[in-house]
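Student: Build me a model from this:
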Amino acid sequence: VLRNTITGNSTTFYGIMLTGVSGTASLPARFENNVIIGQNSGQAAINVMAGTCSYLDILHNSISFTGGTTGQGITMVLGSGTGTRISNNAVRTPGPALRVEPASRVSASDGNVLLGTNINAVWWGTAWHYDLPSLVAASGMNGNSLMVDPSFVNTTSDLHPQPGSACAGRGVNIPTITTD
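Tutor: Numbers count the residues shown, from 1 in each chain. Here you go, the predicted model:
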């Protein structure tokens, strides 16, 4: 799923929902360069749900959920799998920008800019992490991520970063991605 703009205005809106989707170590399932805008949603922009989901690349996505109080960015819950990489995503949501349980599902996570406007926290493994040092200590990853507002031009229509945004220069180089 590459280079899409996905929008919705509903309390039940999901951007992308995955159940039982897997790639391989040498050919991961790719979710890259998508723009996901949700208004009034209490769900998740990218939701890796039940079943086994392994070897996913969730890279270079821009996500904004507005309205409501619980909308989440990237969630991985209620299933199993391994080898998922979550990198270079800019996420602004009312609920947690990132929620991963169990943590063993993720093999790499870095270069993300994450903000939950109502609860600026990330759920990783078995606990909330309210600041980057706590998240890095728990995950062993995310050393180049930030927990700040990505400063989109417009959170409901234009997810390009404003001049001076924390997103500028934050990405970690991923050789397989040539278009960002």
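Student: Report the contact partners of Asn118.
Tutor: For Asn118, the contact set (CB atoms under 8 Å, 6 or more residues apart in numbering) comprises Thr69, Thr70, Pro94, Gly95. C-beta coordinates here come from the backbone N, C-alpha and C atoms, glycine included.
Student: Go through those residues and name the one nearest Glu32.
Tutor: Gly95 (23.2 Å; CB to CB).
Student: Next one: that closest one, what pLDDT does it get?
Tutor: Here, the pLDDT recorded for Gly95 equals 90.
Student: from now on call the first residue 547
Tutor: All right, first residue 547 from here; so that's Gly641.
Student: Contacts only, for it.
Tutor: Here Gly641 is in contact with Phe611, Thr615, Thr616, Gly617, Gln618, Gly619, Gly662, Asn664, Ile665 (criterion: CB under 8 Å, 6+ apart).
Student: Go again with 10 Å.
Tutor: Neighbour list for Gly641: 587-590, 611, 614-619, 621, 662-665, 667, 669 [criterion: CB atoms under 10 Å, 6 or more residues apart in numbering].
Student: now do Ile720
Tutor: By CB under 10 Å, 6+ apart, the contact set of Ile720 is Glu578, Asp603, Leu605, His606, Arg631, Ser633, Asn634, Ala654, Gly657, Asp726.
Student: Any buried residues in stretch 585-596, and which?
Tutor: Going by neighbour count (16 or more other CB atoms under 10 Å), the buried part of stretch 585-596 is Gln585, Asn586, Ser587, Gly588, Gln589, Ala590, Ala591, Ile592, Asn593, Val594, Met595.
Student: Tell me which residues touch the residue lying closest to the third one once chain neighbours are set aside, please.
Tutor: In this structure, Ser587 finds its nearest non-sequential neighbour in Phe559, 4.1 Å apart by CB to CB, 6 or more residues apart in numbering. When contacts are counted by CB under 10 Å, 6+ apart, Phe559 touches 552-553, 582-591, 611, 614, 617.
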